[in-house]
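**Q** need the 3D shape of this:
(4 chains)
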Protein chains: 2
Amino acid sequence: MELRTLRYFVAVAEELHFGRAATRLHMSQPPLSRAIKQLEAEAGALLFARSPAGVTLTPVGAVLLDEARALLDHADRVRARVFAAAGVATLTVGILGDSTDPGATRLADAYRRSHPDIDIRIRDTDLTDPTCGLRAGLVDIALTRAPFDETALTLRELRTDPVGVVLRADDPLARRGRLRRADLGDRRWFQFPRGTDPIWQSYWNGGEPREGPVVRVVQECLQAVLWNGTVGLAPLGHDLPAELAAVPLIDMAPSRVVAVWNKGDTNPLIRSFIEIATAAYRH
Amino acid sequence: MELRTLRYFVAVAEELHFGRAATRLHMSQPPLSRAIKQLEAEAGALLFARSPAGVTLTPVGAVLLDEARALLDHADRVRARVFAAAGVATLTVGILGDSTDPGATRLADAYRRSHPDIDIRIRDTDLTDPTCGLRAGLVDIALTRAPFDETALTLRELRTDPVGVVLRADDPLARRGRLRRADLGDRRWFQFPRGTDPIWQSYWNGGEPREGPVVRVVQECLQAVLWNGTVGLAPLGHDLPAELAAVPLIDMAPSRVVAVWNKGDTNPLIRSFIEIATAAYRH
DNA sequence: CTGCAACGATACCCACCGGGTATCGGCATC
DNA sequence: GATGCCGATACCCGGTGGGTATCGTTGCAG
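**A** Numbering: from 1, shown residues only, chains lettered A, B, ... in the order given. You can find the predicted model right below:
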């Protein structure tokens, strides 16, 4: 009986649905079913009654649910006390320049509420490094947008946004309700500086190599659209100045807002930050 | 932070010695060192001060020791309550015919004290199956003697006994203080019935194929020595009738008293039984 | 001062297990 | 009786938790 298994059990007991519990636990359903089965073997009794009508707790399962919640709470308190004793105090979060979305606000509030003693340091970065200095060790965790080179990193998807093209409001295409990449013809696309992650560069160029002005921050992108007739891709849902318009692109993979950290990073604050971030972005 | 890791930590904190803690945990020292190191990384602080003079707890380690003990106690209570709710009630223990040693008595007492609600059923077996019917599912756990075929079984060594040869008291060799197998010349050795585990058979024949009368229980072995001049090996320390004498054999691997259970057996009572057995045999 | 013993750390290997995907089977609904 | 839902099963793979062998440091004995 390990704490991880009990967390799985509580998730299933609360959802009363293996598939949903697996989603909540960020895993797939089969290993979750197996883990519960093993726990049942260890307990010597079935914990859930599986019927076509749905999953329900058995009496033994109900006992374990109470006990497991109490034990997991206890474990959380242990962790908090050890961190306090260890003086763990700082978490540096990297944020991509344009990431001022409501999820991030909820996240900041929720984190401050649950970890009042932890000092969060924010490092705001431009668009040229999608990992916000993660590889260089400048931040512990980054709130950013995929895709980019993921080697030696671990990602947790928080949300997806449809992607659209940003045009001058007086552009003929701006009246169209939706566009395909091919509709944009041979317009110029803005570029990131040399050395930028190629996967990231390619994504914002609609998946192909392009030419155009070099940009570093969101403001420069908007200026490039206004002044150069450059095509700019952007996740939809942001406010734009009146001179610009955004039209959904229906043949672009949606943009994934993710939390990223260095694979194997042992910073003890990362895990709980991720949990809170996931919850905050789930609304 | 998992319960297993905390058990490791508590063991080291109590022994203040990695090697001894590893022995107590029935593992080797390197993986224990590594587990503690990982726990320290997770906690964000060193838990032990390693100095040539010895290992001591750091202040953070002292905090965790208190917390970990409380959490592990809590986990034990959870387990007990779930077992009670599940109505887990019976453990069948196989005992080799001759295993009436003081360790088994202490074990029985200790187990009854800590698990008063569990019904222990004893199955006494003859010498022909060293696993006491474990493979056939007749028992959950066997207290027996190695060596035997261990495939698909898990062993926990409880004690070792030197092995000696049992002779008629009037045998010339009986006056010798110690013997080697070669000293026994071409005497006959008793055999177990056809189908007996070959490793087991070979061990009690001094490591070689032999011939002699077939025996099934201890009493038959003794009779075979008295009446046939057969050589009989036996762990030392047991009482013998006055007509028989035991002489240590210095070139025999000692006999290992072990607890055995089927690998992967999910019976929830096995683990705690093993822990209690280990403690009982340690005096 | 020079073996030597003690002991934790390191290097490296292997089996197992906790993840994954693909698919099945049973049941309900239409 | 086709279809869709959902938990179970089968099977695969990489990481991790075990193992052994050995090292480096330190204290001690001769």
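
**Q** quick one: the helix or strand where A:Gln219 lies to chain centroid distance?
**A** Taking DSSP states H and E as the criterion, A:Gln219 maps to helix A:218-228. Distance, stretch centre to chain centre, for helix A:218-228: 27 Å (C-alpha atoms, centre = their mean, to the nearest Å).

**Q** cool, and stretch A:206-217?
**A** 24 Å.

**Q** only C-alpha atoms, please: export the helix holding A:Gln219 in PDB.
**A** Listed next in PDB are the C-alpha coordinates belonging to helix A:218-228 (Å, rounded to 0.1, in the frame of the first residue of the first chain):
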ATOM      1  CA  VAL A 218       4.400  40.300 -29.400                       C
ATOM      2  CA  GLN A 219       4.400  44.000 -30.000                       C
ATOM      3  CA  GLU A 220       6.900  43.600 -32.800                       C
ATOM      4  CA  CYS A 221       4.700  40.900 -34.400                       C
ATOM      5  CA  LEU A 222       1.700  43.300 -34.400                       C
ATOM      6  CA  GLN A 223       3.800  46.100 -35.900                       C
ATOM      7  CA  ALA A 224       5.100  43.700 -38.600                       C
ATOM      8  CA  VAL A 225       1.500  42.900 -39.600                       C
ATOM      9  CA  LEU A 226       0.500  46.600 -39.700                       C
ATOM     10  CA  TRP A 227       3.500  48.000 -41.500                       C
ATOM     11  CA  ASN A 228       4.800  45.100 -43.700                       C
END
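
**Q** that one: what's the following helix or strand?
**A** Following helix A:218-228 in sequence, per DSSP H and E, is strand A:232-235.

**Q** what is the mean pLDDT for the helix holding A:Gln219?
**A** Mean pLDDT, helix A:218-228: 80.

**Q** for that helix, buried residues please.
**A** A:Val218, A:Glu220, A:Cys221, A:Leu222, A:Gln223, A:Ala224, A:Val225, A:Leu226 (16 or more other C-beta atoms under 10 Å in any protein chain shown). No exception for glycine: its C-beta is placed from N, CA and C like everyone else's.

**Q** need those in JSON lines (columns: distance to DNA strand D).
**A** Output for those, formatted as JSON lines (distance: C-beta to the nearest atom of the strand, whole Å):
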{"residue": "A:Val218", "distance to DNA strand D": "35"}
{"residue": "A:Glu220", "distance to DNA strand D": "38"}
{"residue": "A:Cys221", "distance to DNA strand D": "36"}
{"residue": "A:Leu222", "distance to DNA strand D": "41"}
{"residue": "A:Gln223", "distance to DNA strand D": "43"}
{"residue": "A:Ala224", "distance to DNA strand D": "40"}
{"residue": "A:Val225", "distance to DNA strand D": "41"}
{"residue": "A:Leu226", "distance to DNA strand D": "46"}
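
**Q** quick check, nearest of the residues you listed to A:Ile120?
**A** A:Val218 (22.8 Å; C-beta to C-beta).

**Q** wait, doesn't that closest one sit right on A:Asp124?
**A** No: assessed by C-beta atoms under 8 Å, A:Val218 is found out of contact with A:Asp124, at 11.5 Å.

**Q** identify the contacts common to the two.
**A** Common neighbours of A:Val218 and A:Asp124, using C-beta atoms under 8 Å, 6 or more residues apart in numbering or on different chains, are A:Gly97.

**Q** would you map the helices across the stretch 101-250 of chain A?
**A** Ranges of helices in the stretch 101-250 of chain A, per DSSP state H, counting those that start in this stretch, are A:102-114, A:198-204, A:218-228.

**Q** let me have those in CSV, extended by distance to B:Asn267.
**A** Below are those laid out as CSV (distance: least, C-beta to C-beta, whole Å):
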stretch, distance to B:Asn267
helix A:102-114, 40
helix A:198-204, 51
helix A:218-228, 62
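
**Q** excluding its backbone neighbours, what's nearest the residue of chain A most remote from its centre?
**A** Centroid-distance maximum for chain A: A:Gly44 at 38.7 Å, with C-alpha atoms, centre = their mean. Once flanking residues are discounted, A:Gly44 sits nearest to B:Val88: 4.0 Å by C-beta to C-beta, 6 or more residues apart in numbering or on different chains.

**Q** and the stretch 51-200 of chain A, which residues reach DNA strand D?
**A** A:Gly54, A:Val55 (C-beta under 7 Å from any atom of the strand).

**Q** flag every residue of the stretch 51-200 of chain A that's near DNA strand C.
**A** So the stretch 51-200 of chain A meets DNA strand C at A:Pro52, A:Ala53 (C-beta under 7 Å from any atom of the strand).

**Q** let's see it at 6 Å
**A** Selection of the stretch 51-200 of chain A residues close to DNA strand C by C-beta under 6 Å from any atom of the strand yields A:Pro52.

**Q** for the closest residue to chain B within the stretch 51-200 of chain A, what are its contacts?
**A** Going by C-beta to the nearest C-beta, chain B is nearest to A:Ala86 of the stretch 51-200 of chain A, at 3.5 Å. By C-beta under 8 Å, 6+ apart, A:Ala86 lies in contact with B:Ala43, B:Gly44, B:Ala45, B:Val60.

**Q** pLDDT value on it, please?
**A** 85.

**Q** in space, what's closest to it - neighbours in sequence excluded?
**A** Per C-beta to C-beta, 6+ apart, closest to A:Ala86 is B:Ala45, 3.5 Å.

**Q** and the one you found, that one's in a strand?
**A** No: under DSSP: H, G, I helix; E, B strand; the rest coil, B:Ala45 falls outside any strand and is assigned coil.

**Q** you'd agree it is up against B:Ala62?
**A** No: counting by C-beta under 8 Å, B:Ala45 sits too far from B:Ala62 to count as a contact (11.5 Å).

**Q** mind checking which of these two has more residues around it?
**A** B:Ala45 (20 against 14; other C-beta atoms under 10 Å in any protein chain shown).

**Q** now do the contacts for that one.
**A** A:Val82, A:Ala85, A:Ala86, A:Gly87, A:Val88, B:Thr58, B:Val60.

**Q** report the distance from stretch A:276-283 to the chain centre.
**A** On C-alpha atoms, centre = their mean, the centre of stretch A:276-283 falls 9 Å from the chain's centre.

**Q** longest helix in chain A, by number of residues?
**A** helix A:59-86 (DSSP state H).

**Q** beta partners for the closest residue to A:Gly232 other than its chain neighbours?
**A** Nearest residue to A:Gly232, sequence neighbours excluded (C-beta to C-beta, 6+ apart): A:Val166, at 4.3 Å. Taking DSSP bridges as the rule, A:Val166 bridges to A:Gly232, A:Ala246.

**Q** just the pLDDT at the spatially closest residue to A:Ala242 that is not a sequence neighbour, thanks.
**A** Counting by C-beta to C-beta, 6+ apart, the nearest residue to A:Ala242 once its immediate chain neighbours are dropped is A:Ala169, at 6.7 Å. As predicted, A:Ala169 sits at a pLDDT of 86.

**Q** A:Trp204 touches A:Leu233, doesn't it?
**A** Yes: between A:Trp204 and A:Leu233 there is a contact under C-beta under 8 Å: 5.3 Å.

**Q** any idea how far A:Leu143 is from A:Gln159?
**A** That one is not Gln; residue A:159 is Arg. Remark: distance between A:Arg159 and A:Leu143 (C-beta to C-beta, to the nearest Å) = 11 Å.
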